[in-house]
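[1] Quick one, fold the following:
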Amino acid sequence: MSDKIITYSSEEEELVSGSSQPADQEPEILSLRPVRLEDYVGQVEVVETLKIALAAAKLREEPIDHVLFHGPPGLGKTTLAHIIANETGGNLTVTSGPALEKGGDLIGILTHLEDGDILFVDEIHRIPRAVEELLYPAMEDFAIDFVFDKGVHARSHRFRLERFSLVGATTRIGLMSAPLRDRFGIFRNLDFYSEDELIQITRRSAELLDVALDHAGAAELARRSRGTPRIVNRLLKRVRDYAQVRADGTITVEVVEAALALEGVDARGLTQLDRRFIKTIIEYYGGGPVGIEAIAATLQEETDTLVDVVEPYLLKAGLIIRTSAGRKAAEEAFRHLGYKIQQKLF
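    Predicted coordinates for the structure are as follows:
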């Protein structure tokens, strides 16, 4: 599968996309991130693994082992990288796979790292292969091998690096090469959050934003956030604006419903693109199975947009089924969109 830059068809898809948007980098939103593991909500097994690894590294007075997080966007991979840096007291350097175009880009970063620093590489599966190979000795031996001149005059020199920890994040673990993947000591998957966990996150964020939010309103926001903290914070910000302008400033169920109706986000967090995706399977292809390329052609959308943005939550929510023959609409999808269930398909 090609690895294209994802584009979105409207503000609606951007609102409930787990991928980072420019608005997510505003100081107000960044301030909602927890800075310590004790404040982190959800991903219980991942947090427990990190607590043990950080405590052990502190006892041995050495950097934490290299960490790889994988899973859908918006679930906290970047936040955990910041937390690791805070817990270890090291400086955090942030970059991404596409930004490391040449070996010199990576070498410049690695040679400026100090003992105990954290290097966070987002979308690490997109590092070019030639650059990736420079990471192998850096991760294993804390060294970089330089080759000077060419041919019979070629000579190698090994440059020693300070001990550092690499934290990688990827939404497509299958696209990572085995040699790079195997060099990570801690390998954890981040899954979608439960409704109760999202309620905790919503109430904490509302408190930090100084917004009045009742429990029913928090629960409604959690239900519509597609199991993703980044989305629930984004929705909270939109609903806050509506509450302050069109209501008395308090976020209630009624305010959430009215605000998100304007955004095109339904009771299950589905956008117009999500609903068009399901309707295409039902109306054009009899409920499926149908290949993703055919769906993309019918919707006139990029295949990668559907695979990375639309499908993960629809699969998790049980609204579509992925089979070897293609995608099928599940019974729950028929019910949600008001179609008569086609029993012959199941």
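
[2] Phi, psi for the residue sitting nearest the centre point of the chain please.
    Closest to where the C-alpha atoms of the chain average out (CA atoms, centre = their mean) is residue 73, at 1.7 Å. Dihedral angles of residue 73 (phi, psi; degrees, to the nearest 10) stand at phi -70, psi 150.

[3] Quick one, grab the pLDDT at it.
    We have a pLDDT of 87 for residue 73.

[4] Let me know whether it touches residue 171 as I believe.
    Yes: if you go by CB atoms under 8 Å, residue 73 and residue 171 touch, sitting 5.4 Å apart. Placement of C-beta: from N, CA and C, glycine included.

[5] if I look at these two, which residues touch both of them?
    In terms of CB atoms under 8 Å, 6 or more residues apart in numbering, residue 73 and residue 171 are both contacted by the residues residue 308.

[6] now the residue nearest to the centre of the chain: how far from residue 292?
    19 Å (CB to CB, to the nearest Å).

[7] Kindly report the same for residue 225.
    Using CB to CB, residue 225 is found at 25 Å from residue 292.

[8] try residue 122
    Computed as CB to CB, the residue 122 to residue 292 distance reads 25 Å.

[9] Equivalent analysis for residue 111, please.
    Distance of residue 111 to residue 292, given as CB to CB: 43 Å.

[10] residues touching residue 336, list them.
    Residues in contact with residue 336 (CB under 8 Å, 6+ apart) are 268, 270, 319.

[11] buried subset of those residues?
    Among these, the ones that count as buried by 16 or more other CB atoms under 10 Å are 268, 270, 319.

[12] List the single closest residue to residue 94 in space, sequence neighbours excluded.
    Leaving aside its sequence neighbours, residue 94 sits nearest to residue 120 (CB to CB, 6 or more residues apart in numbering; 4.9 Å).

[13] Please name the residues that touch that neighbour.
    Counted by CB under 8 Å, 6+ apart, residue 120 has contacts 78, 81, 82, 85, 92, 93, 94, 95, 167, 168, 169.

[14] would the last one count as being in a strand?
    Just to be clear, that refers to residue 169. Yes: under DSSP: H, G, I helix; E, B strand; the rest coil, residue 169 falls within a strand.

[15] That one against residue 76, yeah?
    No: here residue 169 lies out of contact with residue 76, judged by CB under 8 Å, at a distance of 9.7 Å.

[16] May I have stretch 329-339 exported as PDB, CA atoms only?
    This file holds the C-alpha atoms of stretch 329-339, laid out as PDB (Å, rounded to 0.1, in the frame of the first residue of the first chain):
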ATOM      1  CA  ALA A 329     -21.700  -3.500   6.200                       C
ATOM      2  CA  ALA A 330     -22.600  -5.100   9.600                       C
ATOM      3  CA  GLU A 331     -26.100  -5.400  10.900                       C
ATOM      4  CA  GLU A 332     -25.500  -2.500  13.300                       C
ATOM      5  CA  ALA A 333     -24.700  -0.200  10.400                       C
ATOM      6  CA  PHE A 334     -28.000  -1.000   8.700                       C
ATOM      7  CA  ARG A 335     -29.800  -0.200  12.000                       C
ATOM      8  CA  HIS A 336     -27.900   3.000  12.700                       C
ATOM      9  CA  LEU A 337     -28.600   4.400   9.200                       C
ATOM     10  CA  GLY A 338     -32.200   3.200   9.100                       C
ATOM     11  CA  TYR A 339     -31.900   0.500   6.400                       C
END
